[in-house]
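A.B. asks: sequence and predicted structure, then a few things I'm wondering about:
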Amino acid sequence: MGSPKGLIRRYRDWAYKMRDAFKSLSSDEDYKYWFDPFWVRAEPYRIQLKQRSHRSMTLNVKNFLNSQSIVKICPRVPNGLNVEPKTIELTIPKHSSKTTSLMISADDSTTGINIITFDITRDDRRYGELFDCIVEVVR
């Protein structure tokens, strides 16, 4: 079976090989933009909202790079929902993250489960609608 020290060494070596494999697959400056599913994260991810009411939500955006990054986010909403602001632009320092607030409102024309997507552009490279959140509208 081997010693715990040997097991840890083998696991570390395997983890480094996996990291290098992921890096080789990515066309981004930092491979984590391909493999981190939370570099843009809505908090809370799922909210319940009454018709003709509003609620705030926070977006957390990470920058993995050794330089500042400019991230533009355009929420895409279904009919009956509204998000303010319509466009968000964040300048994020190197190796850090920033948060911003959104206000989500519902009119009386929609109910049920709705998905808001976030169309992402980072440093003039459009990634598209990679991230989302769920809004349940009730009467």
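C.D. replies: On my side now, so go ahead. Residues are numbered from 1 along each chain as shown.

A.B. asks: quick check: chain neighbours aside, which residue is closest to the spatially most central residue of the chain?
C.D. replies: Nearest to the geometric centre of the chain sits Val40, at 1.8 Å (C-alpha atoms, centre = their mean). Nearest in space to Val40, with sequence neighbours left out and distances taken as C-beta to C-beta, 6 or more residues apart in numbering, is Phe131 at 4.3 Å. Any C-beta I mention is one placed from the backbone N, CA and C, and that applies to glycine too.

A.B. asks: ok so the one you found is a strand residue?
C.D. replies: Yes. Remark: Phe131 belongs to a strand, assigned using DSSP: H, G, I helix; E, B strand; the rest coil.

A.B. asks: please look at it and Glu43 and confirm they touch.
C.D. replies: No. Assessed by C-beta atoms under 8 Å, Phe131 is found out of contact with Glu43, at 11.7 Å.
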